[in-house]
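Trainee: Got a sequence here, can you model it:
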Amino acid sequence: MHPETLEKLEVLRLHWRKLQQRPMRQLFAENPNRFEDFSLNIDDLLVDFSKNHLDGEALAMLLDLAKSAGVEDARAAMFAGQHINTSEDRAVMHMALRNGSDRPMIVDGKDVMGDVRAVQAQMKQFATSVRNGKIAGSGGAFTDIVNIGIGGSDLGPVMVSEALSPYCDGPNLHFVSNVDGDDLADTLAVLNPATTLFIVASKTFTTTETLTNAHSARHWLVETLGEEAVGQHFAALSTNLEATSAFGIDDDFTFGFWDWVGGRYSVWSAIGLSVMIGIGVENFEQFLLGAHEVDNHFVEQPLAKNIPVIMALIGIWHRNICEFSTHAVLPYAQHLHRFPAYLQQLDMESNGKSTAKNGQQVGAKTGPIVWGEPGTNGQHAFYQLIHQGSDIIPVDFLIAANPHHQLGEHHDILLANCFAQSEALMKGKNIDEVRGELRLAGMDEEKIANLAPHKVFSGNRPSSTFVFSKLTPRTLGRLIAIYEHKIFVQGVIWNINSFDQWGVELGKSLATELLPMVKGEASTEAKDASTQGLLAHFQALKK
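Mentor: Numbers count the residues shown, from 1 in each chain. From the prediction side, this is the model:
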């Protein structure tokens with residue numbers, strides 16, 4: 001991290017020590033316009049960050065931090081196609097995949113929009129033909145699509161398809177990612193091979209988990225339909241045409257993407273083919289449009305009015321100034337139940353780094369632990385820790401004003417719970433308020449003395465709330481893009497490369513080394529005592 005950034009962080013810490021003496025209740029009392037001053041919107045999508053424990057002075061200092069850290073220049077560099085993924089010497093241009101304008105997107109001196117449009121046209125033709133039955137299986141129109149991938153090739157499509165399930169009017173979508181055979185076996189158990197299409201998602205067509213599942217799926221298909229059916233029932237999302245052809249997949253059923261598209265940013269690309277088949281071309285285009293609108297907002301709006309920038313700075317405030325180590329994402333929308341898992345990869349794989357771009361240690365804490373579940377389920381599970389635990393956990397709430405299914409009072413109850421949680425986290429309840437409530441309930445003083453301390457809520461627990469009209473494809477595109485750019489801004493401030501993921505490599509290489517030992521085909525002598533012991537116990541149990 002740059003020395004100037006570290007100095008500004010220290011000044012912010014001094015301000016935080018003073019600000020802690022002014023609880024959030026007081027901040028609201030001091031400024032009747034706090035909600036207006038600490039909220040932003042894109043059309044119907046509102047982001048309220050007024051319930052975070054910071055004031056106008058802190059926000060101004062954070063904006064100055066962003067400027068001095070070079071956020072504006074880094075943003076321009078990314079959109080100009082510069083190789084900001086320095087460790088892999090690559091551009092970062094997933095924004096081109098949802099570029100709804102005539103603006104060129106240049107990578108290595110070439111406008112990539114022609115290639116993007118060509119693949120999109122191929123996807124649209126294929127998706128439409130699968131949906132209307134012109135592309136069919138041995139037994140007629142495809143009734144089921146199985147996406148086989150892992151990481152970004154799974155988390156994106158599965159999250160989006162779940163979030164947009166009210167729009168899924170095509171074949172049934174299934175997703176297999178885990179190399180654990182139960183994942184594939186459970187999926188195949190309910191399928192008819194004659195009407196099932198498999199989409200194998202692997203850029204290099206070498207990912208161990210994906211190829212293991214793909215070959216097992218191929219074997220299952222061939223057992224029933226014969227070798228000649230493979231080309232009819234398999235498609236690939238890959239750039240390795242030699243490998244896909246050897247597998248038996250026709251080039252016309254293979255869809256490419258580029259090295260400037262990172263895996264966790266790839267749902268906008270051919271990796272989203274299963275989603276396009278499920279929700280249709282027009283809805284997929286709306287999904288891209290929502291993200292494109294946020295790209296424009298991110299580029300055009302000044303830092304102080306820029307939603308991804310403000311969310312990033314609040315995250316820096318929490319991680320580096322307040323020293324909060326985790327961040328909960330709590331969608332009050334059942335269809336977004338996989339959204340926290342999607343953001344886990346997006347955030348933790350991007351900014352889970354301790355080495356700066358210059359190869360030195362960062363010098364500050366980076367990416368938080370991201371987790372969450374949908375409300376109201378979480379209220380009956382882990383909210384106890386959020387409200388009264390010894391650690392403070394910043395929260396993002398997400399909720400739609402209008403549900404897809406209007407069932408009695410369900411949605412009103414859901415909204416009331418969401419807003420109540422954010423209010424309770426901010427306000428808390430002090431000892432005098434608790435005692436007063438217990439006295440009104442008729443409790444005697446001895447019982448009040450014993451019970452009251454357990455019912456105190458400290459308050460001053462931060463949250464931001466996203467409110468939007470309805471969870472549509474366009475809204476979902478906006479939400480994802482906001483978090484993408486938020487994470488990018490934080491990476492710039494920490495001076496890390498948010499677009500590589502070397503941390504996953506060691507485990508992969510060791511797994512390759514261990515496989516012969518697991519099979520009993522190689523000696524374990526070179527391994528540590530724990531690994532030797534585990535392998536020996538496994539071999540003793542293996543049937």
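Trainee: Tell me the buried residues in the one helix or strand Glu513 maps to?
Mentor: When elements are assigned from DSSP states H and E, Glu513 belongs to helix 505-518. By 16 or more other CB atoms under 10 Å, the buried positions in helix 505-518 come out as Leu514, Met517. The C-beta positions use only the backbone N, C-alpha and C, and glycine is treated the same way.
Trainee: quick one: the strands in the stretch 51-200 of the chain?
Mentor: Taking DSSP state E, counting those that start in this stretch, the strands of the stretch 51-200 of the chain run over residues 106-107, 110-111, 136-137, 140-141, 144-148, 172-176, 196-201.
Trainee: Adding mean neighbour count and mean pLDDT, write these out as a markdown table.
Mentor: Putting the strands of the stretch 51-200 of the chain into a markdown table (neighbours: other CB atoms under 10 Å; pLDDT from 0 to 100) gives the following:
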| stretch | mean neighbour count | mean pLDDT |
| --- | --- | --- |
| strand 106-107 | 18 | 98 |
| strand 110-111 | 13 | 98 |
| strand 136-137 | 20 | 98 |
| strand 140-141 | 12 | 98 |
| strand 144-148 | 26 | 98 |
| strand 172-176 | 21 | 98 |
| strand 196-201 | 26 | 98 |
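Trainee: Relative to Gly278, which of the ones you listed is closest?
Mentor: Closest approach to Gly278 among those (CB to CB): strand 172-176, 4.8 Å.
Trainee: Grab the nearest non-local neighbour of Asp256.
Mentor: Careful, residue 256 is Gly; it's not Asp. Thr239 (4.7 Å; CB to CB, 6 or more residues apart in numbering).
Trainee: Met95 now?
Mentor: Asp295 (5.0 Å).
Trainee: who's in contact with that neighbour?
Mentor: By CB atoms under 8 Å, 6 or more residues apart in numbering, the residues touching Asp295 are Met95, Arg98, Asn99, Ala481, His485.
Trainee: same question, Gly262
Mentor: Shown in contact with Gly262 (CB under 8 Å, 6+ apart): Asn85, Val92, His94, Gly152, Phe499.
Trainee: 6 Å - rerun?
Mentor: Counting by CB atoms under 6 Å, 6 or more residues apart in numbering, Gly262 touches Phe499.
Trainee: Could you look up the SS state of the residue most central in space within the chain?
Mentor: With distances taken as CA atoms, centre = their mean, Leu343 lies nearest the centre of the chain, 2.2 Å away. Following DSSP: H, G, I helix; E, B strand; the rest coil, Leu343 is assigned to helix.
Trainee: again with Val47
Mentor: Using three-state DSSP, the structure places Val47 in strand.
Trainee: Okay, it and Gly315: tell me how far apart.
Mentor: Here the criterion is CB to CB, to the nearest Å. By it, Val47 lies 13 Å from Gly315.
Trainee: which one of those two has more residues nearby?
Mentor: Between Val47 and Gly315, Gly315 has the larger neighbour count (other CB atoms under 10 Å), namely 24 against 21.
Trainee: which residues does the closest residue to that one other than its chain neighbours contact?
Mentor: Nearest in space to Gly315, with sequence neighbours left out and distances taken as CB to CB, 6+ apart, is Gln490 at 5.7 Å. Counting by CB under 6 Å, 6+ apart, Gln490 touches Ala312, Gly315, Asn351.
Trainee: so which of those comes closest to Phe28?
Mentor: Nearest to Phe28, judged by CB to CB, of the contacts of Gln490 is Gly315 at 21.8 Å.
Trainee: Report pLDDT for that closest one.
Mentor: Turning to Gly315, the model gives it a pLDDT of 98.
Trainee: Could you list the alpha-carbon positions for the helix or strand harbouring it in PDB?
Mentor: Assigned by DSSP H and E, Gly315 belongs to helix 307-316. C-alpha atoms of helix 307-316 as PDB (Å, rounded to 0.1, in the frame of the first residue of the first chain):
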ATOM      1  CA  ILE A 307     -22.500   4.000  -5.500                       C
ATOM      2  CA  PRO A 308     -19.700   1.500  -6.000                       C
ATOM      3  CA  VAL A 309     -17.100   4.000  -4.800                       C
ATOM      4  CA  ILE A 310     -19.100   4.900  -1.700                       C
ATOM      5  CA  MET A 311     -19.800   1.200  -0.900                       C
ATOM      6  CA  ALA A 312     -16.100   0.500  -1.300                       C
ATOM      7  CA  LEU A 313     -15.100   3.400   1.000                       C
ATOM      8  CA  ILE A 314     -17.500   2.200   3.600                       C
ATOM      9  CA  GLY A 315     -15.900  -1.200   3.400                       C
ATOM     10  CA  ILE A 316     -12.400   0.400   3.800                       C
END
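Trainee: So which residues make contact with it?
Mentor: For helix 307-316, contacts defined as CB under 6 Å, 6+ apart pick out 40, 47, 49, 52, 62, 298, 303, 482, 485-486, 489-490, 493.
Trainee: what element comes up after it heading to the C-terminus?
Mentor: Assigned by DSSP H and E, the successor of helix 307-316 is strand 326-332.
Trainee: shouldn't Asn147 be in contact with Val275?
Mentor: No. The criterion here is CB atoms under 6 Å, and Asn147 misses it with Val275 at 8.8 Å.
Trainee: can you give me the offset of stretch 511-527 from its chain's centre?
Mentor: From the chain centre to the centre of stretch 511-527 is a distance of 35 Å (CA atoms, centre = their mean, to the nearest Å).
Trainee: And that stretch, end to end?
Mentor: Start-to-end span of stretch 511-527 (CA to CA, to the nearest Å) is 12 Å.
Trainee: before we move on, the earlier item: common neighbours of Asn147 and Val275, please.
Mentor: By CB under 6 Å, 6+ apart, the residues touching both Asn147 and Val275 are Pro157.
Trainee: re earlier: show the contacting residues for the residue nearest to the centre of the chain.
Mentor: Val329, Val370, Tyr483.
Trainee: All the strands of the stretch 351-500 of the chain, residue numbers only.
Mentor: Using DSSP E, counting those that start in this stretch, strands in the stretch 351-500 of the chain cover 369-371, 395-400, 463-468.
Trainee: hey, which of those strands is tucked in deepest?
Mentor: strand 395-400 (a mean of 24; mean count of other CB atoms under 10 Å).
Trainee: For that one, give me every contacting residue.
Mentor: Looking at what lies outside strand 395-400 - CB under 6 Å, 6+ apart - the contacts are 328-333, 418, 422, 463-468, 470-471.
Trainee: quick one: low-confidence parts of the stretch 51-200 of the chain?
Mentor: Along the stretch 51-200 of the chain, no part satisfies pLDDT under 70.
Trainee: what's the burial count for Glu162?
Mentor: Around Glu162 there are 18 other residues, counting by other CB under 10 Å.
Trainee: picking up where we left off before, quickly note the distance from the residue nearest to Gly315 to Glu484.
Mentor: The gap separating Gln490 from Glu484 is 11 Å, by CB to CB.
Trainee: And Ala420, by the same measure?
Mentor: Counting by CB to CB, the separation of Ala420 from Glu484 is 30 Å.
Trainee: pretty sure His13 is touching Ile321, no?
Mentor: In this structure residue 13 is Arg, not His. Yes. Between Arg13 and Ile321 there is a contact under CB under 6 Å: 5.5 Å.
Trainee: Look at these two and report which has more neighbours.
Mentor: Comparing Arg13 with Ile321 by other CB under 10 Å, the one with more neighbours is Ile321, at 22 against 13.
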